[in-house]
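A.B. asks: Fold the stuff below for me.
(one chain, ligands or ions: 2)
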Amino acid sequence: MHYNCDMTDKFQIVNFHHITFWVGNAKQAAIFYCTRMGFEPIAYKGLETGSKSVVAHVIKQGNIIFVFKSALTSGNKEIGDHLIQHGDGVRDIALTVNNCGALIENIKENEGKVLKDTWEESDENGTVRFAKVAPYGDTTHLLVENLTYKGIFLPGYKAPIESTGPIVAKLPQVNLEYIDHIVSNHTLMEQAVEWYEKNCKFHKFWYHQLSTDISGFRSTVLTNHSETLKIALNESVPGKGKSQIEEYVEYYGGDGIQHIALSTSDIITTVERLKERGTEFPYVPASYYDNLKERIRHLKINLYENLEKLEELNILVDGQEDGYLLQIFTKPLQDRPSLFMEIIQRRGHSGFGEGNFKTLFEAVERQQQARGNLFKNVIHK
Ligand SMILES: O=C(O)C(=O)Cc1ccc(O)cc1
Ligand SMILES: [Fe+2]
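C.D. replies: Ligands and ions are numbered 1, 2, ... in the order given. Below you'll find the predicted structure:
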């Protein structure tokens, strides 16, 4: 059956609610993100709260919530298999929706995969309705419809049982504010793009393709009806060698989340403080900054930041007369070259930094080369 009516009447996907990582040791992973990136513990469930099989440490910064989960018992096949396949990584992107039931009905009409039909959970702070769906690979979306909930996170979670300690408390504030966009890597992205278009009623926001001497990729950006939420999907374009998308898919063991872009309203201070905390950023060649002054003039960007400071911190700039954005990637945040973060500041520019794509791509490619995974003249079958 085909719907002609506007499904956005029936449901809306409003925003990112939280991101869940499945990791080998949730306690240690959570403290890594607190120490390196300035998150703070806000909620917990584990043995002490009556959660016998899975532990969850919930950390927050601005509106950004990360949840780290690990198995407490031996023989947890679901989390165990996920770890063998993917290593530590993003399992789920929870989405805030205004009508869980209507979204699930739409997915069923489209024969999209529903992992778990709607259910409700309550505690003394109220009730939340959930459902769980699967867009591609082993990545899932928990749908979260807040019916009456007023607690700190979600039903069943309690206050954290430990703090980050006195030294972390002294570290400078990073001031990350919200999730700007999320990007996934795919062997082939078309099916996943269609999944979001049909099931979530997302529409295409942007499309871009680029190649270097060795490799290339294409990227499709999707957004919801009111354009409050953006996700991008990447796949390789055939080139002379292995692309960073292929490297990711090989090490992650399938399609999955490549980066999460976190926003700040003062990227210079944010990046300085992330560096003080030990977060590492890839190098951007000086030639980028040699050209930047001219590009800024050409694009008629009214740059507020100090150019030398941007160069010192390897922050990139792109935009046009009516607005611009500043962005930087971190290095991968675990041993496998899988997940990294992007830090982004928008000054009146809601698009993607087309003029930075190649520089960002090449900065990752240099790391790929250092890992011994960038070869020319690989024959593609
Ligand atoms: O512009 C952005 O936000 C990007 O994130 C661009 C990008 C995405 C993926 C890559 O592997 C390299 C560059
Ligand atoms: Fe990005």
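
A.B. asks: can you pull the buried residues of the one helix or strand Ala30 maps to?
C.D. replies: Element membership for Ala30, per DSSP states H and E: helix 26-37. Across helix 26-37, burial judged by 16 or more other C-beta atoms under 10 Å covers 26, 29-37. Where you see a C-beta, it was placed from the backbone N, CA and C, and this is true even at glycine.

A.B. asks: got the residues of the stretch 251-381 of the chain near ligand 1?
C.D. replies: Applying C-beta under 6 Å from any ligand atom, one finds that the stretch 251-381 of the chain approaches ligand 1 through 261, 342, 352-353, 356-357, 360-361, 364.

A.B. asks: Which other helices and strands does the helix holding Ala30 contact?
C.D. replies: strand 40-45, strand 54-61, strand 64-71, helix 166-169 (3 or more C-beta pairs under 8 Å, 6 or more residues apart in numbering; DSSP states H and E).

A.B. asks: need the ones you listed in TSV with distance to Asp255 and mean pLDDT, can you?
C.D. replies: Shown next, in TSV, are these (distance: least, C-beta to C-beta, whole Å; pLDDT from 0 to 100):
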stretch	distance to Asp255	mean pLDDT
strand 40-45	29	98
strand 54-61	24	98
strand 64-71	20	98
helix 166-169	34	96
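
A.B. asks: Which one of the ones you listed lies nearest to Val144?
C.D. replies: strand 64-71 (10.8 Å; C-beta to C-beta).

A.B. asks: Mind giving me the packing neighbours of the helix or strand just after that closest one?
C.D. replies: Where DSSP H and E defines the elements, the next helix or strand beyond strand 64-71 is helix 77-86. Using 3+ C-beta pairs under 8 Å, 6+ apart as the contact test, the elements touching helix 77-86 are strand 13-22, strand 64-71.

A.B. asks: Where does the stretch 251-381 of the chain get nearest to ligand 1, which residue?
C.D. replies: Ligand 1 sits closest to Leu360 of the stretch 251-381 of the chain, with a gap of 3.9 Å, by C-beta to the nearest ligand atom.

A.B. asks: what's that residue in contact with, if anything?
C.D. replies: 316, 327, 329, 353 (C-beta atoms under 8 Å, 6 or more residues apart in numbering).

A.B. asks: Check those against Asp290 and report the nearest one.
C.D. replies: For the contacts of Leu360, the minimum distance to Asp290 (C-beta to C-beta) is 13.7 Å, reached by Leu316.

A.B. asks: Ramachandran angles for that closest one?
C.D. replies: Backbone torsions of Leu316, given as degrees, to the nearest 10, read phi -100, psi 150.

A.B. asks: burial of Glu109, as a residue count?
C.D. replies: 14 (other C-beta atoms under 10 Å).

A.B. asks: try Val54
C.D. replies: 17.

A.B. asks: Secondary structure of the residue of the stretch 251-381 of the chain closest to ligand 1: a helix, I assume?
C.D. replies: Yes. Judged by DSSP: H, G, I helix; E, B strand; the rest coil, Leu360 forms part of a helix.

A.B. asks: now the helix holding Ala30: mean pLDDT?
C.D. replies: Mean pLDDT, helix 26-37: 98.

A.B. asks: Which element, helix or strand, includes the residue nearest to Trp206 when sequence neighbours are not counted?
C.D. replies: In this structure, Trp206 finds its nearest non-sequential neighbour in Val221, 4.1 Å apart by C-beta to C-beta, 6 or more residues apart in numbering. Assignment of secondary structure by DSSP H and E places Val221 within strand 216-223.

A.B. asks: Excluding covalently adjacent residues, which one is nearest to Lys331?
C.D. replies: Using C-beta to C-beta, 6+ apart, the nearest residue to Lys331 is Glu280, at 4.4 Å.

A.B. asks: Helix or strand: which one has the one you found?
C.D. replies: Per DSSP H and E, there is no helix or strand for Glu280.

A.B. asks: And for the one 10 residues further on?
C.D. replies: Element membership for Asp290 (DSSP H and E) is helix 286-298.

A.B. asks: Report all helices and strands that that helix contacts.
C.D. replies: Applying 3+ C-beta pairs under 8 Å, 6+ apart, we find helix 286-298 packed against helix 307-313, strand 316-320.

A.B. asks: for it, which positions count as buried?
C.D. replies: 288-289, 292, 296.

A.B. asks: Same list (those) but as TSV, adding pLDDT.
C.D. replies: Formatted as TSV, the buried residues of helix 286-298 follow (pLDDT from 0 to 100):
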residue	pLDDT
Tyr288	95
Tyr289	94
Leu292	93
Ile296	94
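
A.B. asks: what about the residue nearest to Trp206, how many neighbours?
C.D. replies: 18.

A.B. asks: hang on, it packs against Glu227?
C.D. replies: No. Counting by C-beta atoms under 8 Å, Val221 does not reach Glu227; the two are 10.5 Å apart.

A.B. asks: For those two, list the residues in contact with both.
C.D. replies: Counting by C-beta under 8 Å, 6+ apart, the common neighbours of Val221 and Glu227 are Phe205.
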